[in-house]
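**Student:** Structure for this input, please:
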Amino acid sequence: MSSDTRLYDLLLSHVEQYDDETSPFEQFAALWCEGRDPRSIAALLGADLGSARMCTLAGVCDDLDIQYGDGVILAGQAGTWTLILQVAGFTVVLEENLMRLSEDGRRALSVSWDIGGNEEIHYAVNGTVAVRLSFILPEHRTGTDMTALDPFMNGLRFELDEYGESIEESISSAFVLAGRVTGEEIHAAWLDSPHERFVIPRTR
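**Tutor:** Predicted structure coming up:
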């Protein structure tokens, strides 16, 4: 495991356990929220709290009965924050959700990407999106405080090289940044431990 891609490699090794696709890591979404517990976050995201089941990331798809368009999240404490991994859908990275979750002096941070090339970090503080940026083109950013994450970005590599081959380093850097903001990096013990799984029903 390269030190430059260590968190990418860690996540990939766990994602491969529940995804049988040839390219299991083509899309991903993670959310960290300060000052809220997993169930309250799930409720704010529109999850069916009755669908809660304890499982690990590797078993997140076991005994799962969902319909097209439903979201699936795994939620658990991560240090003083709560970490949510969304393994189906992108509810956790919608700006309106980050703004609601960060109300009343809280903070929320998301990291996501998809097959359409949307590699994004969103950072919300006290009900507003302070900064949204691409973690492969970080100079492309908007928000109410576009330098809010700069103190956490020292030494991180977000730019793709001229051949577009450093996406693994960019993803790893995005997760290192999240660890600097929240005070705890994502780690194997969290990924291997049971957390609460919820289904977010699609609005029909």
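**Student:** Give the buried residues for the longest helix along the chain.
**Tutor:** Longest helix of the chain, by residue count under DSSP state H: helix 167-182. Buried residues in helix 167-182, counted by 16 or more other Cβ atoms under 10 Å: 167-182. Placement of C-beta: from N, CA and C, glycine included.
**Student:** Would you mind identifying the next helix or strand past the helix or strand containing Leu83?
**Tutor:** In this assignment (DSSP states H and E), Leu83 forms part of strand 81-88. Once the chain leaves strand 81-88, the next helix or strand it forms, by DSSP H and E, is helix 95-101.
**Student:** List the buried residues for that following helix?
**Tutor:** Buried positions in helix 95-101, judged by neighbour count with 16+ other Cβ under 10 Å: Asn97, Leu98, Met99, Arg100, Leu101.
**Student:** Give me the pLDDT for the second one.
**Tutor:** The per-residue pLDDT reported for Leu98 equals 97.
**Student:** Chain neighbours aside, what residue packs nearest to it?
**Tutor:** Closest residue in space to Leu98, ignoring its immediate chain neighbours: Ala124 at 4.0 Å, by Cβ to Cβ, 6 or more residues apart in numbering.
**Student:** need the contact list for that neighbour.
**Tutor:** Counting by Cβ atoms under 8 Å, 6 or more residues apart in numbering, Ala124 touches Glu95, Leu98, Met99, Leu101, Ser102, Arg107, Ala108, Leu109, Ala130.
**Student:** pretty sure Ser134 contacts His122?
**Tutor:** No. Taking contacts as Cβ atoms under 8 Å, Ser134 lies outside contact range of His122: 10.9 Å.
**Student:** is Cys33 in a bridge, and if so with what?
**Tutor:** Cys33 forms beta bridges with Thr82, Ala108, as assigned by DSSP bridges.
**Student:** roughly how far apart are it and Ile200?
**Tutor:** Separation of Cys33 from Ile200 (Cβ to Cβ, to the nearest Å) stands at 15 Å.
**Student:** How far does the worst-scoring helix or strand of the chain on mean pLDDT sit from its chain's centre?
**Tutor:** Ranked by mean pLDDT, DSSP states H and E, the weakest helix or strand in the chain is helix 6-15, scoring a mean of 88. With Cα atoms, centre = their mean, to the nearest Å as the basis, helix 6-15 stands 13 Å off its chain's centre.
**Student:** Likewise for stretch 49-68?
**Tutor:** Chain-centre distance of stretch 49-68: 18 Å, with Cα atoms, centre = their mean.
**Student:** same question, stretch 42-53
**Tutor:** Per Cα atoms, centre = their mean, the centroid offset for stretch 42-53 relative to its chain is 17 Å.
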